[in-house]
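Student: attaching a predicted model along with its sequence, questions to come.
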Amino acid sequence: MTAIKHALQRDIFTPNDERLLGIVNVCKAGKKKKNCFLCATVTTERPVQVKVVKVKKSDKGDFYKRQQTWELRDLTEVDAKDASKENPEFDLHFEKVYRWLASSTAEKNSFISCIWKLNQRYLRKKVEFVNVSSQLLEELPKAEESVPSGESQSVAGGDEDALDEYQELSTREEQDIEGMMEMCEYAISNAEAFAEKLFKELQVLDGANIQSIMASEKQVNILMQLLDEALGEVDTIEGKLSSYEEMLQSVKEQMDQISQSNRLIQISNTNNGKLLDEIQFLVNYMDLSKGHIRALQEGDLTSPKGIEACINASEALLQCMNVALRPGHDKLMAVKQQQLLFAELRDTFARRLTNHLNNVFVHQVTILLQHGHDQSSTLSQHTAELTLPKHSPLHRDLLRYAKLMEWLKNTHREKYEGLSRTYVDYMSRLYEREIKDFFEVAKIKMAGTSKEAKGKFGKSSTLPRKESALKQETESLHGSSGKLTGSTSSLNKLTVQGSNSRRSQSSSLLDMGNMSASDLDVADRTKFDKIFEQVLSELEPLCLAEQDFISKFFKLQQHQTVIPPLMEESDGGTPSRIPPQAEHRHSLSSEKDMVRLMMNKIFQSIETELNSLIALGDKIDSFHSLYMLVKMSHHVWTAENVDPASYLSTTLGNVLVTVKRNFDKCISGQIRQMEEVKISKKSKVGILSFVTVFEEFAELAETIFRNAERRGDLDKAYVKLIRAVFMNVEKVASESQKTPRDVVMMENFHHIFSTLSRLKISCLDAERREAKHKYTDHLQSYVINSLGQPLEKLNHFFEGVEARVAQGVREEEVSYQLAFNKQELRKVIKEYPGKEVKKGLDNLYKKVDKHLCEEESLLQVVWHSMQDEFIRQYKHFEDLIGRCYPGSGITMEFTIQDMLEYFSSIAQSH
């Protein structure tokens, strides 16, 4: 242990100007053994600092390192665990309890004794020793106790010598010993002789010292006298210091009292400051000015200044009511009184505001209803303007109260919902009247359009009956009840007879109880398109303006909340009021749903009226569904770009379904009429009526659907119609008795091909090519079949020749056959001189002219094809004569040039 102590002093404590006084080998109690050393040290410089240092041996070498240091003055208790039995465990209480297990009880006791002595000397017994044997706690000598540490170096040194038996040589002492040993040659080889020599020199020095002391006795006596005088002065000074200490003690007591008073004053000031903060908080946030109170109780809700004052007062009241009170404020009587005052002001102002806005709603809507009633008497005139009244003045007037409605929404939800219901109630009546009148004007204008068309195409004898029937139908759309439930059923009863100006041999594809499309020109349809566009253009800004007003006035666009619904949709599809007992069981997912439901209630008649208008337009002319599909699709697309979930977008989307259904019904009706078409047995067929109608439909559709969003629907309809046209053309051609099948197919497919080529419909390119192919095939078939008659016997003769060659007879041997010899050939040729051929061709021309219709102008095309085919047959006959009758010199009675003259002269003569 001594060697370890010496190593620790040298390596750790000497560099830090510390002296090692006590050491013990320990490990932490109850844990895995990791040995370390607890060292008690003091500093060599004053003031002296006493420390307990934990030193641990490094794992990588033999040197030691300082691990932890505690000041001895921080030690509060030393617990030796057991004073009567040997126990190596002990505890040191610093900022926390450190439990140690010493390597031996003796080392533990030695270390505790060292700590106790250091405590006695430097800490004046501040450390408490528990379960420590009294033998270890030796009292220091009285003289030493009376001398303060630091006043006498000798006392401190003597005690430290007692604590530390081993004294390390200083550097100077080591140098002196080395110099002395160098002066003696045998200092190392003969240590006893060297020690003897040193002893003799020491005796000589002691004798010299004694003689010097005896010679200086007088000086010693003088020194002792001076010391006595110094002691007396010290006693005097100690007396004065004691008196000063007593005086300072009284001053200390007084200062303690003053400090206590100051602390109490500071606490009082702090409390007063906090109390002042609380009072200022309550005054600042829970005090409502008299002007605000007056505005809430008596403020003018009609003038702009009065409304502004009420808005400021309501916002101030809401801030006061919503202030976050601190703990304990709600128990103050003044706070309770203010809260009661605020609640009373809130209820009073909410009641005033609700009554005023109710009166505004009733008054404004009543005026508008009366004004609209005065104007409704003029609706029977066709010159009435097709416009909807604008309610921007009403909205502008009500928007002044928007902030007050927001306040009412945050403070009185029941009154807010009551106002919402009242507004919806009255506005629904107003809009129902205005929309009803608006659509009545639109239907009158549409009916006027159809009458004009009838005037152009119908007979004068049927015009009065048709006009009266249509007018009666239009009037039935708006009965005295104001309901539209009967308008559709009555509209379905409207039937319009087909015009007598149609061709007698054709049947219109649109004659399905409606007026014929051919009875309405482009101007009439354009006028209908403008009327329908005007209707949608008037409805769109009206709905958007009303929805924007509802969002701003009722503050429904800011954030999503859960609001009890004002209305719900009934089974019939129209909004109805929710019973009061059911309102609490329903909630809306967002404020957008609230806006949408309010709009459904206000504009509950728009969808019905639109469907009724669409039904009327479809009755007048089923082709109107094309215009309506394009216009409605465009408006739906526009509305969805603005807000996909808006009322306008939803409503127009529902109506678009009806329009699309009518469009599909129009296409299906045309196809059905194609299948039901009947042809006359006594007249030639010509261009079939449904082919002409398809051309009309395609021309109209291409004009309407140019750059439209619903082009895909038209392409699908094109494909259905063209396939039906192809199929029914073939069906009619097969059933035709008066006109040859090839002529019907040739003329109609030529017309279809011309139409598709002119319109350039990309989705029907395949059908266009098919129509051209069918037209070409049937033209060739008709030409071949017709040309067999002018040279009938000659055809039969050469067919027989070809049959013999086909049976294996050599061509040069055919002339030896009895039925096909040269004499028979000359006989047949003589029967067809040029004059007879021309006569036959003239008869053929007349027959072809009789078969073909004038509309398609195919006579010259067919005649030219026949000329080519006749020349081909002529060359074929000459070729057979040259091969089968070589050297016979037999030729036809006419030449190719003669044939060309025949064809040309016949064509010119007709």
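Tutor: Arrived safely. Numbering: from 1, shown residues only.
Student: now do the contacts for the nearest residue to residue 55 once chain neighbours are set aside.
Tutor: The shortest distance from residue 55 to any residue that is not its chain neighbour, by C-beta to C-beta, 6 or more residues apart in numbering, is 4.5 Å, and that residue is residue 37. (Each C-beta comes from the backbone N, C-alpha and C, glycine too.) By C-beta atoms under 8 Å, 6 or more residues apart in numbering, the contact set of residue 37 is 4, 8, 23, 24, 25, 26, 54, 55, 56, 64.
Student: so which of these comes closest to residue 283?
Tutor: Sorting those by how near they are to residue 283, with C-beta to C-beta, puts residue 54 at the top with 61.5 Å.
Student: surely that closest one touches residue 36?
Tutor: Yes. Counting by C-beta atoms under 8 Å, residue 54 does reach residue 36; the two are 5.8 Å apart.
Student: which residues do those two both contact?
Tutor: Both residue 54 and residue 36 are contacted by residue 67, under the criterion C-beta under 8 Å, 6+ apart.
Student: give me the next element, helix or strand, following the top helix by length along the chain.
Tutor: Among the elements of the chain assigned as helix by DSSP state H, the one spanning the most residues is helix 217-285. Following helix 217-285 in sequence order, the next helix or strand is helix 290-298 (DSSP states H and E).
Student: now that next one: buried residues?
Tutor: Neighbour counts over helix 290-298 (16 or more other C-beta atoms under 10 Å) mark 292, 293, 295, 296 as buried.
Student: what's the mean pLDDT across it?
Tutor: The predicted model assigns helix 290-298 a mean pLDDT of 89.
Student: convert the very next helix or strand once past that helix to CSV, retaining C-alpha atoms only.
Tutor: As assigned by DSSP H and E, the chain's next helix or strand after helix 290-298 is helix 304-321. Only the C-alpha atoms of helix 304-321 are listed here, as CSV (Å, rounded to 0.1, in the frame of the first residue of the first chain):
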residue,chain,number,x,y,z
PRO,A,304,-74.9,52.2,-42.8
LYS,A,305,-73.5,54.0,-39.8
GLY,A,306,-75.8,52.2,-37.4
ILE,A,307,-75.0,48.8,-39.0
GLU,A,308,-71.2,49.6,-38.7
ALA,A,309,-71.7,50.5,-35.0
CYS,A,310,-73.7,47.3,-34.4
ILE,A,311,-71.0,45.2,-36.1
ASN,A,312,-68.2,46.8,-34.0
ALA,A,313,-70.3,46.3,-30.8
SER,A,314,-71.2,42.7,-31.6
GLU,A,315,-67.5,41.9,-32.3
ALA,A,316,-66.5,43.5,-29.0
LEU,A,317,-69.2,41.6,-27.2
LEU,A,318,-68.0,38.3,-28.8
GLN,A,319,-64.4,39.0,-27.7
CYS,A,320,-65.5,39.7,-24.2
MET,A,321,-67.6,36.5,-24.0
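Student: would you mark the buried spots in helix 304-321?
Tutor: By neighbour count, with 16+ other C-beta under 10 Å as the criterion, the buried positions of helix 304-321 are 307, 309, 310, 311, 312, 313, 314, 316, 317, 318, 320, 321.
Student: and the gap between residue 753 and residue 851?
Tutor: When distances are taken as C-beta to C-beta, to the nearest Å, residue 753 and residue 851 turn out to be 19 Å apart.
Student: also residue 730?
Tutor: Spatial separation of residue 730 from residue 851 under the definition C-beta to C-beta is 18 Å.
Student: look at those two and report which has more neighbours.
Tutor: residue 851 (23 against 16; other C-beta atoms under 10 Å).
Student: identify the residue spatially nearest to the more buried one, adjacent ones excluded.
Tutor: residue 743 is the one closest to residue 851 (C-beta to C-beta, 6+ apart), at 4.8 Å.
Student: now residue 392
Tutor: residue 545 (6.9 Å).
Student: let me know the secondary structure of that neighbour.
Tutor: Classification of residue 545 into helix, strand or coil gives helix, according to DSSP: H, G, I helix; E, B strand; the rest coil.
Student: what about the residue nearest to residue 55, distance to residue 630?
Tutor: For residue 37, the distance to residue 630 (C-beta to C-beta) stands at 101 Å.
Student: longest single strand anywhere in the protein?
Tutor: Among all segments of the chain classified by DSSP state E, the strand with the greatest residue count is strand 18-28.
Student: what comes up buried for that strand?
Tutor: Of the residues in strand 18-28, those buried under the neighbour-count criterion (16+ other C-beta under 10 Å) are 18, 19, 20, 21, 22, 23, 24, 25, 26, 27.
Student: so what's the fifth one bridging to?
Tutor: Here residue 22 sits in beta bridges with residue 40, as judged by DSSP bridges.
Student: now do the same contact list for it.
Tutor: Taking C-beta under 8 Å, 6+ apart as the criterion, residue 22 is in contact with 39, 40, 110, 111, 113, 114, 115, 118, 163.
Student: rerun that using 10 Å as the cut-off
Tutor: Contacts of residue 22 were listed using C-beta atoms under 10 Å, 6 or more residues apart in numbering, and they are 5, 38-41, 52, 107, 110-115, 117-118, 163-164.
Student: residues near residue 750, how many?
Tutor: When counting by other C-beta under 10 Å, one arrives at 22 neighbours for residue 750.
Student: wait, isn't it in contact with residue 777?
Tutor: No. Under the criterion of C-beta atoms under 10 Å, residue 750 makes no contact with residue 777, lying 11.6 Å away.
Student: thinking again about what came up before, how about JSON lines for the buried residues of strand 18-28, with pLDDT added?
Tutor: What follows is the buried residues of strand 18-28, written out as JSON lines (pLDDT from 0 to 100):
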{"residue": "18", "pLDDT": "90"}
{"residue": "19", "pLDDT": "91"}
{"residue": "20", "pLDDT": "91"}
{"residue": "21", "pLDDT": "91"}
{"residue": "22", "pLDDT": "92"}
{"residue": "23", "pLDDT": "93"}
{"residue": "24", "pLDDT": "92"}
{"residue": "25", "pLDDT": "90"}
{"residue": "26", "pLDDT": "90"}
{"residue": "27", "pLDDT": "89"}
